[in-house]
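1. kindly generate the corresponding structure for this input.
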Amino acid sequence: MTLPSASRPGPPFRPPIAFAHRGASAYAPPNTLEAFRLALGQGATGLESDAWLASDGVVVLVHDRTIGPPGRRIDVTRTSSTALAGYGVPALAALYAELEASGAPGVALSLDLEHPAVAEPALELAERAGAAASLWACHDDLDLLAGLRARSAEVRLVCSTRPRRVHGGVPALIERLATLRLDALNMHWRDWTAELVQDCHRVGLAAFGWDAQERPAMDHLLELGIDALYADAPDRLVAAIAHADPRSRPGRTSSPRRTA
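-> Next up is the predicted model:
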């Protein structure tokens with residue numbers, strides 16, 4: 001069972017975390033500092049991005065491994081971070097510097113670890129920034145996540161998956177995640193039921209729902225008691241959360257808290 005502590009409050013999170021998917025990607029180029037700034041300005045309480053390791057060992061934020069125009073595509077993992085910056089790809093260190101400068105160093109950051117090699121460097125950066133406890137590291141490889149738990153008691157670890165990929169069913173997976181001392185299960189918004197959310201909370205796991213782009217999807221997850229939602233338009237997500245929970249306030253960046 002995953003046990004909460006004073007520094008790591010457990011679920012349910014009220015209000016839930018409003019993760020801006022690749023920043024405010026509905027309004028700005030995704031995974032850019034501009035998109036992250038805009039998301040915070042719209043009241044997002046969390047940011048989401050994708051991490052790769054550039055050829056010079058720098059953690060960079062971009063969704064796809066290959067980028068660039070047709071005929072001139074480049075492999076992110078075989079390109080230096082300096083060269084990638086020319087394509088508008090920021091480094092994770094630059095995002096942490098931006099959060100520090102904006103007065104939001106502890107904002108929740110959900111990071112998809114796009115390949116195993118980036119996991120350790122990303123965690124080290126979070127630790128240097130004093131932000132390991134607000135990093136939600138996401139992957140579907142339980143061995144990788146278990147290794148990160150052995151490495152750090154602070155980092156938040158998230159299994160991102162879909163039911164069709166789970167052998168033995170989602171309830172059995174939930175029990176396994178709790179045994180491994182992970183922190184959350186992240187699934188597509190359509191995959192969640194009230195029973196699965198309750199199963200997560202029973203063992204101390206948070207329930208995260210991604211791709212909640214439209215208001216009906218957001219409202220559905222909020223009715224289920226979800227702990228975090230991901231959307232490209234954080235302003236719409238913040239509005240939905242505020243409607244469901246009048247205690248929430250746009251622009252809050254405090255850590256999730258446990259309800260009584």
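2. secondary structure class of the residue lying farthest from the centre of the chain, three-state.
-> Note on the chain: the largest C-alpha distance from the chain mean falls to residue 71, namely 32.5 Å (Cα atoms, centre = their mean). Judged by DSSP: H, G, I helix; E, B strand; the rest coil, the three-state class of residue 71 is coil.
3. do residue 186 as well
-> When states are read from three-state DSSP, the local structure at residue 186 comes out as strand.
4. that one: neighbour count?
-> By the measure other Cβ atoms under 10 Å, the count of residues near residue 186 is 25. Heads up, the C-betas are built off the backbone N, CA and C, glycines and all.
5. ditto for residue 169
-> 9.
6. same deal with residue 62?
-> Neighbour count for residue 62, taken as other Cβ under 10 Å: 23.
7. that one: what's it in contact with?
-> Residue 62 makes contact with 31, 50, 52, 76, 84, 89, according to Cβ atoms under 8 Å, 6 or more residues apart in numbering.
8. pretty sure the first one sits against residue 64.
-> This points to residue 31. No. Between residue 31 and residue 64 there is no contact, the gap being 9.8 Å when judged by Cβ atoms under 8 Å.
9. more neighbours, those two?
-> Between residue 31 and residue 64, counted using other Cβ under 10 Å, residue 31 has the larger neighbour count: 25 against 12.
10. need the pLDDT of that one.
-> Turning to residue 31, the model gives it a pLDDT of 98.
11. that one in helix, strand or coil?
-> Using three-state DSSP, the structure places residue 31 in coil.
12. and it, what does it touch?
-> Under the contact definition (Cβ under 8 Å, 6+ apart), the residues listed for residue 31 are 22, 23, 25, 49, 50, 61, 62, 63, 89, 90.
13. torsion angles phi and psi at the first one?
-> Meaning residue 22. For residue 22, the backbone dihedrals are phi 60, psi 40 (criterion: degrees, to the nearest 10).
14. which residue, other than its chain neighbours, is closest to it?
-> Spatially, and ignoring its direct neighbours in sequence, residue 22 is nearest to residue 30 (3.6 Å; Cβ to Cβ, 6 or more residues apart in numbering).
15. can you tell me how far the one you found is from residue 210?
-> Residue 30 sits 14 Å away from residue 210 when distances are taken as Cβ to Cβ, to the nearest Å.
16. try residue 42
-> Residue 42 sits 18 Å away from residue 210 when distances are taken as Cβ to Cβ.
17. run through the stretch 101-250 of the chain and note the low-pLDDT ranges.
-> Flagging of the stretch 101-250 of the chain using pLDDT under 70 yields the residue ranges 246-250.
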